[in-house]
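**Student:** Sharing a model that was predicted from the sequence below.
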Amino acid sequence: MSDGTRRLDQWLWFARFFKSRTLATRFCASGKLRVNAVTVAKAHYALKVGDVLTFPLGPNVRVIAVRGLGIRRGPPAEARTLYEDLEPLAGPAEDLVPPVAERLSGTGRPTKAERRAIDRLRGRDRL
């Protein structure tokens, strides 16, 4: 490739979105990745600085702007300089956990503490 481009699968591996280049190649071939709003199904697509990638990764859809092409798969701090996340994840992980259902006192099945209190009132203390 010329100096101003990098293979798409290689860049995804350099930027540490995938653990191996083989996984990145398979993902590119799946047709789930878009570059500048155009679906790409080839791992050898020539990626340039300024391109915008859109792809699902885990439960999120990632929108990434390419800021550098890189020359190697370096440490994570170096990999983060290759891209800019255009849609950062929503807050800390505790925001993603569904809230626990609250129960009004006296409704539904008694809790363990309520059951013990009922047993004490009835004179059936358990040891």
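**Tutor:** Received, thanks.
**Student:** Where does the prediction get shaky in this protein?
**Tutor:** The chain contains residues with pLDDT under 70 at 1-2, 88-98, 126-127.
**Student:** Quick one: the helices in it, in order.
**Tutor:** 8-14, 21-29, 76-79, 112-122 (DSSP state H).
**Student:** between those, which one is nearest to residue 37?
**Tutor:** Among these, helix 8-14 comes nearest to residue 37, with 15.1 Å by CB to CB. Yep, even glycine has a C-beta here, placed from its N, CA and C like the rest.
**Student:** Name the surrounding residues that touch the closest one.
**Tutor:** 6, 18, 20-21, 24-25, 27-28, 33, 35, 40, 42-47, 66, 69-70, 72-74, 79, 82 (CB atoms under 8 Å, 6 or more residues apart in numbering).
**Student:** returning to what we had before: just send the helices of the chain back as TSV, with distance to residue 53 too.
**Tutor:** Conversion of the helices of the chain to TSV gives the following (distance: least, CB to CB, whole Å):
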stretch	distance to residue 53
helix 8-14	8
helix 21-29	11
helix 76-79	14
helix 112-122	52
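**Student:** I'd like to know which of the contacts of helix 8-14 are buried.
**Tutor:** For those, a burial check counting by 16 or more other CB atoms under 10 Å picks out 6, 18, 21, 24-25, 27-28, 33, 35, 40, 43, 45, 47, 66, 69-70, 79, 82.
**Student:** ok, the residue in the chain sticking out farthest from the centre - contacts?
**Tutor:** Distance to the chain centre peaks in the chain at residue 123, reaching 55.1 Å (criterion: CA atoms, centre = their mean). Not one residue lies near residue 123 by CB under 8 Å, 6+ apart.
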